[in-house]
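Chemist: just coords:
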């Protein structure tokens with residue numbers, strides 16, 4: 001026989017009533033609006049202006065001034081300045097030229113700069129960390 005359900009009481013009651021956590025992040029995310037440039041991998045076009053939002057060491061949300069038509073799994077090249085290039089894969093198509101991207105095989109110096117930028121943003125300084 002199963003015992004009757006007893007609702008939680010005490011300080012944790014409100015938290016427990018909110019329901020289960022449905023998403024867990026593997027890395028810290030910062031709310032940012034950082035300028036970058038991007039283009040689809042293999043594109044002959046020069047990189048176009050974009051903004052990175054919700055930056056983490058693993059990915060970001062990206063919106064471009066030119067709305068490239070990308071699909072899940074497509075790869076893009078990103079740059080924060082002429083000497084700092086990396087690749088990302090589209091993991092969400094959000095519409096209106098906006099995408100969720102996951103960074104791919106970051107070089108140690110690129111990863112360090114992204115992590116430092118996330119730290120600055122969480123401390124209230126929304127800018128790219130110095131390279």
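Modeler: Thanks, I have it. In this text, all values refer to a predicted model and were calculated from it rather than measured experimentally.
Chemist: what's in contact with the longest helix anywhere in the chain?
Modeler: With secondary structure taken from DSSP state H, the chain has its longest helix at helix 108-122. The contact list for helix 108-122, computed with CB atoms under 8 Å, 6 or more residues apart in numbering, reads 28-32, 34, 55-57, 80, 84-86, 103, 106, 126-129, 131. All C-beta atoms are positioned from the backbone trio N, CA, C, and that covers glycine.
Chemist: Stretch 42-59 now?
Modeler: Counting by CB under 8 Å, 6+ apart, 25-39, 60-66, 68, 77-79, 88, 91, 100-103, 111, 114-115, 117-118, 121 sit against stretch 42-59.
Chemist: tell me the pLDDT at residue 114?
Modeler: According to the prediction, residue 114 has pLDDT 93.
Chemist: now do residue 57
Modeler: 93.
Chemist: go on, residue 84?
Modeler: Here, the pLDDT recorded for residue 84 equals 84.
Chemist: contacting residues around it?
Modeler: Contact analysis of residue 84 by CB under 8 Å, 6+ apart lists 109-110, 113, 131.
Chemist: and the residues you listed, which are buried?
Modeler: Among those, the ones that count as buried by 16 or more other CB atoms under 10 Å are 110, 113.
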